[in-house]
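[1] build me a structure from this.
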Amino acid sequence: MMVLFGFILFFVTKQILFAAFPHTLSSLLFCASLIVIIVLTVKTISLKKRSNFLRKEMHHRVKNNIQLVSSLINLQLRHSIDHKVLSELKDSKSRFAALGILNKIIFQTEVSHKKININTLANSIVEKSINQNNLEKEGLNKLFTINAKVFEIDIEKAIPLGLIINELLLFNIKNKLYSPGKQIAINLDYCFDSNRCKFKFVNNHAPSNWNINFDNTLSKRIIVRLANQLQSEMKIDYDEKMEFSFSF
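    Presented below is the predicted three-dimensional model:
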């Protein structure tokens, strides 16, 4: 349709120009330029449509694969009686749900933009954790508070950061390291001078021996490796509170 429109536009313009300025060089040059513009426009539109199609196709395939794995986990949950196996399956379900959230956020981001709003990222992961663990029924829908400046980060950094947040939420909820009426803080700040993002997760109400259940867990290994992907080192404060911090 665009090609046909381009040729019609070219033909009409040519007829008008040659009627007004017969056999002039300027008319020929103008027509030649118009042809180039039309061809480039049509090609750009075609490439953009193809890019959007491939992007949508990739998003839906990832989404379908995540849903398939989640369904298999749910099936296994219904047929497992071992408490350790059930716990690990629930953890895996949470991690795949986080991947699904990240896939959705990335798809909703403009292709040319390649950046994600930090508040959208953090709030989406927190909301997923609250809904998945039915915290609203316990009156804990405001258990986590997000203190974040309005800024954006690259998609390549948003993915590991989102998974780190999910892993910390998962560990705290799984081990019930919270108290009604007491909030757990997720702080995200951006230093424009150094061009670095500062992340801090603080639970001032965790029991003093919380690290005993953490040091040898898969959660710790995942968090440390994801921080390494951001070319950073996770700092963990064990003194009278739970605090995780790093910058990237």
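[2] worst-scoring helix or strand of the protein, pLDDT-wise?
    Of the helices and strands making up the chain, the lowest-confidence element is helix 2-20, at a mean of 48, by mean pLDDT, DSSP states H and E.
[3] could you dump stretch 221-229 to CSV, C-alpha only?
    In CSV, the C-alpha atoms belonging to stretch 221-229 read as follows (Å, rounded to 0.1, in the frame of the first residue of the first chain):
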residue,chain,number,x,y,z
ARG,A,221,24.6,-17.4,45.8
ILE,A,222,22.0,-16.0,43.4
ILE,A,223,22.2,-12.5,44.9
VAL,A,224,26.1,-12.4,44.9
ARG,A,225,26.3,-13.6,41.3
LEU,A,226,23.7,-11.1,40.1
ALA,A,227,25.6,-8.3,41.8
ASN,A,228,28.7,-9.5,40.0
GLN,A,229,26.9,-9.3,36.7
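[4] quick check: buried residues in that stretch?
    Going by neighbour count (16 or more other Cβ atoms under 10 Å), the buried part of stretch 221-229 is 222-223, 226-227. No exception for glycine: its C-beta is placed from N, CA and C like everyone else's.
[5] tell me the one among those nearest to Gln183.
    Of all the buried residues of stretch 221-229, Ile223 has the smallest distance to Gln183: 20.8 Å, by Cβ to Cβ.
[6] give me phi/psi at Ile81?
    Main-chain dihedrals, Ile81, degrees, to the nearest 10: phi -120, psi -10.
[7] what about it, neighbour count?
    6 (other Cβ atoms under 10 Å).
[8] could you measure from it over to Lys90?
    14 Å (Cβ to Cβ, to the nearest Å).
[9] go on, Ile125?
    17 Å.
[10] these two: who's more crowded?
    Using other Cβ under 10 Å, the more surrounded residue of Ile125 and Lys90 is Ile125, with 27 against 16.
[11] check the gap between the residue nearest the centre of the chain and Asn213 for me.
    Compute the mean C-alpha point of the chain, and by Cα atoms, centre = their mean the closest residue is Leu102, 3.4 Å away. Using Cβ to Cβ, Leu102 is found at 27 Å from Asn213.
[12] re earlier: would you turn the buried residues of stretch 221-229 into a markdown table with secondary structure, pLDDT and distance to Asn166?
    Converted to a markdown table, these look like this (DSSP: H, G, I helix; E, B strand; the rest coil; pLDDT from 0 to 100; distance: Cβ to Cβ, whole Å):
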| residue | secondary structure | pLDDT | distance to Asn166 |
| --- | --- | --- | --- |
| Ile222 | helix | 87 | 9 |
| Ile223 | helix | 88 | 10 |
| Leu226 | helix | 88 | 10 |
| Ala227 | helix | 89 | 14 |
